[in-house]
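Peer 1: can't give you the sequence, but here's the structure:
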């Protein structure tokens, strides 16, 4: 019986080639989109689950509510880990990571291996406790994970780095020198396996924290926060209760007394305004968007939900096509159903027959969809920036695909099979039923749903594009065009000023500045607290950035000085002066700031200048208070150029560089490119969203194309009679398309408030954003209407132009 059902199903699919092609194409597109996004979601939700005991590992997070804002941090003092490890039996181990590039060794370095003269630029350095290797059970290729970081001056490298410099040899015992410092060797004591792509840790070098102190007393100072802390808790621990206990203890027993001893007024309110808690390891990647210092390296769970929803909607649109087309062509199957019932077929047998057709079509679509997903996986990898692959090695993958095919086929085929099997034989065989469009109410609602989803996606695509364009083209308060960043300039040592002077002599260079503190992500940052002179123990401090710049910084980056003057290195007192931004003046509530002094942990600095606010973080963040001091931080030199011959200028700069640093590769970037990279994540979201929105609209249009064909076919004789009676081509076209236009208008009405709500919430994540005006919604409506009319016009015009004699000759 089943073989017979499948044989008949195959014949019907071959017979109705157009119907079959539209359904298989739509379902294949939907299935391939779902598979690609499912692979992406599986990867994103699998972060850190590979770690043994991951369910019992947590990161310490702090939250501070102050002045109407909420800020999160993962950075704490050096003594937090050992203190909580000693205070709480619930903690098995506690360890620290310190990757703040303010401190020597962390971040990026120029390295030398053993006696090698050549310098190599390397990234991914961090300091770590021996406990980090233990907590994360990091597997080793060479060395002992239990002791690799236990001794001072030791370093653990990744397998990739080991192969890069030592091929397949064991590098244990070799020495690495950082930034040309031959007095400070680091002995390689271990080679760890590379962190997988679904790890929130992505370091290549672990420098030991054993015996390290960044300044006198730093390891015991509670109010200096630079360390990320991880704890492994006992398996039976009630983590929710323990997190509250740990947080309360840290704030009241340690942080509050330390702040009071330092004379900070916020010590009085710290217990009310601050909270310390534990964040599960497995939630770090997708649930850290609010943590400003961490969010650039993480994804957001909201993005995962959005992509998952889009994939589901694409599959739903394809399934709706199947339902609509099956009911629309019911007139072609009505006599078949009547005859089958007359010769004895039960309704159950008919339902099974129609479900068999649905299942066969769905399985064909699944096979094609899997092939499409595999084919376009490299493209999808490029779009996401993630090394994804089809999880064929997962024992559940193929069974899930088979079950999904059954579910999609069953759900999509359920209504058509019930609808078609319900025809009364006597009415069908007497010609009393004219079907297809009689199920118009259901079909209309499904088409409206399809285009509601499509319009929401169109609006979303337009708004995301507009926001990205706004980010990349709006004024940011500094000049990023034709500015070259030169890297590794700290290796010039005391020759950096001479190199700067040499650069300024090159034709086409306007000015040069030496500073690592740039208005770009992943450049140096340093936070501190400020208060007005004389208000140290009275007012709450204002958190702000502390940057080291030289006297040419403002000129090179085109930052506007709106009050006071710039630094002058010939004035000795300028070393004690400070230039602040408007936001600092506003938050300190200073009137006439020039000449006023601000206090930073008891150190007074006179304000000599005020600059107009400029954006030095991404547009999701507000402009922070900023204090700039005259000093040197010389890993990066920025060069403002004015030339039409950039290749020639770069060659001249490289020649100068080679003369000063012959053993170090010349590395540079353009500031506008570095600025654009800050928004790579938004750009990727735009590309992915636009691509899948296009697929959704394509599926909807495929269905509308086929549906309009069947509906026009059923009205062919009617249109011929109208034409005989004098109806014009335009009139017939209007009659055939009018219903679809009404559907699009209804879809626009439904889609507008939904899209507005969703996009308004998305834009709330940005401090600087576009106004969500009516233009995007109107344009989406016009585009949807144009696509719908373009889709159905072929059949409408064809029907309107047909010769009435051809369709009416048999009447």
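Peer 2: Ah, there it is. The structure displayed is predicted, hence computed values, not measured ones. Residues are numbered from 1 along each chain as shown.
Peer 1: confirm that residue 694 lies within a strand, as I assumed.
Peer 2: No - residue assignment for residue 694, taken from DSSP: H, G, I helix; E, B strand; the rest coil, gives helix, which places it outside any strand.
Peer 1: mind checking pLDDT for residue 536?
Peer 2: Per-residue confidence for residue 536 comes out at a pLDDT of 79.
Peer 1: am I right that it is in a strand?
Peer 2: No - with three-state DSSP as the criterion, residue 536 is assigned coil and is not in a strand.
Peer 1: surely it meets residue 263?
Peer 2: Yes - if you go by C-beta atoms under 8 Å, residue 536 and residue 263 touch, sitting 5.7 Å apart. For glycine as for every other residue, the C-beta is placed from the backbone atoms N, C-alpha and C.
Peer 1: joint contacts of these two?
Peer 2: Taking C-beta atoms under 8 Å, 6 or more residues apart in numbering as the contact rule, residue 536 and residue 263 both touch residue 602.
Peer 1: which stretches in the stretch 51-200 of the chain count as strands?
Peer 2: With DSSP state E, counting those that start in this stretch applied, the stretch 51-200 of the chain shows strands at 57-66, 69-73, 91-98, 107-113, 120-128, 140-143, 154-158, 175-178, 186-192, listed in chain order.
Peer 1: report all helices and strands that the first one contacts.
Peer 2: Looking back up the chat, that one is strand 57-66. strand 69-73, strand 228-233, helix 270-273, strand 274-280 (3 or more C-beta pairs under 8 Å, 6 or more residues apart in numbering; DSSP states H and E).
Peer 1: wait, which of these is closest to residue 574?
Peer 2: Ranking the helices and strands packed on strand 57-66 by distance to residue 574, with C-beta to C-beta as the measure, places strand 69-73 first at 31.5 Å.
Peer 1: for residue 628, helix, strand, or coil?
Peer 2: Of the three states, residue 628 takes strand according to three-state DSSP.
Peer 1: out of the strands of the stretch 51-200 of the chain, nearest to residue 484?
Peer 2: Ranking the strands of the stretch 51-200 of the chain by proximity to residue 484 (C-beta to C-beta) places strand 120-128 first, at 16.8 Å.
Peer 1: tell me where the model's unsure across the stretch 401-550 of the chain.
Peer 2: For the stretch 401-550 of the chain, residues meeting the criterion pLDDT under 70 lie at 413, 415-417, 419-440.
Peer 1: quick one: the helices in it, in order.
Peer 2: Secondary structure of the stretch 401-550 of the chain, counting by DSSP state H, counting those that start in this stretch: helices at 425-429, 440-473, 496-504.
Peer 1: check these for me and report the most buried one.
Peer 2: Per-residue neighbour counts averaged over each of those give the maximum for helix 440-473, namely a mean of 20 (mean count of other C-beta atoms under 10 Å).
Peer 1: distance to residue 731 added to the helices of the stretch 401-550 of the chain, as a markdown table?
Peer 2: Listed next are those as a markdown table, based on distance: least, C-beta to C-beta, whole Å:
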| stretch | distance to residue 731 |
| --- | --- |
| helix 425-429 | 33 |
| helix 440-473 | 21 |
| helix 496-504 | 75 |
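Peer 1: which of those helices sits closest to residue 182?
Peer 2: Of all the helices of the stretch 401-550 of the chain, it is helix 496-504 that lies closest to residue 182, at 19.5 Å by C-beta to C-beta.
Peer 1: between residue 536 and residue 263, tell me which one has more neighbours.
Peer 2: For residue 536 and residue 263, the more surrounded residue by other C-beta atoms under 10 Å is residue 536, and the numbers stand at 18 against 15.
Peer 1: ok, which of the strands of the stretch 51-200 of the chain comes nearest residue 237?
Peer 2: For the strands of the stretch 51-200 of the chain, proximity to residue 237 was assessed by C-beta to C-beta; strand 91-98 is nearest, at 8.7 Å.
Peer 1: what strands line up against that closest one, and which way round?
Peer 2: Taking DSSP bridges as the criterion, strand 91-98 forms sheet pairs with strand 120-128 (antiparallel), strand 228-233 (antiparallel).
Peer 1: not counting the shortest one itself, show me its contacts.
Peer 2: Read it as strand 228-233. Under C-beta under 8 Å, 6+ apart, the answer for strand 228-233 is 53, 56-60, 74-76, 80-81, 84-85, 90-99, 132, 135-136, 239, 242, 278, 281.
Peer 1: now, of these, which are buried?
Peer 2: For those, a burial check counting by 16 or more other C-beta atoms under 10 Å picks out 56-60, 74-76, 80-81, 84-85, 90-99, 132, 135-136, 239, 242, 278, 281.
Peer 1: and residue 285, which of the helices of the stretch 401-550 of the chain is closest to it?
Peer 2: Comparing the helices of the stretch 401-550 of the chain by C-beta to C-beta, helix 440-473 comes nearest, at 22.2 Å.
Peer 1: of the helices of the stretch 401-550 of the chain, which is nearest residue 140?
Peer 2: Nearest to residue 140 among the helices of the stretch 401-550 of the chain is helix 496-504; the distance by C-beta to C-beta comes to 39.2 Å.
Peer 1: ok, residue 689 touching residue 462?
Peer 2: No - the pair residue 689 and residue 462 fails to qualify as a contact (C-beta under 8 Å) at a distance of 10.7 Å.
Peer 1: thinking again about what came up before, would you format the helices and strands packed on strand 57-66 as CSV with mean pLDDT and distance to residue 516 included?
Peer 2: Written out in CSV, the entries for the helices and strands packed on strand 57-66 read as follows (pLDDT from 0 to 100; distance: least, C-beta to C-beta, whole Å):
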stretch, mean pLDDT, distance to residue 516
strand 69-73, 85, 21
strand 228-233, 97, 21
helix 270-273, 86, 32
strand 274-280, 95, 30
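Peer 1: of those, flag the one that's most buried.
Peer 2: When the helices and strands packed on strand 57-66 are scored by mean count of other C-beta under 10 Å, the highest mean neighbour count falls to strand 228-233 (a mean of 24).
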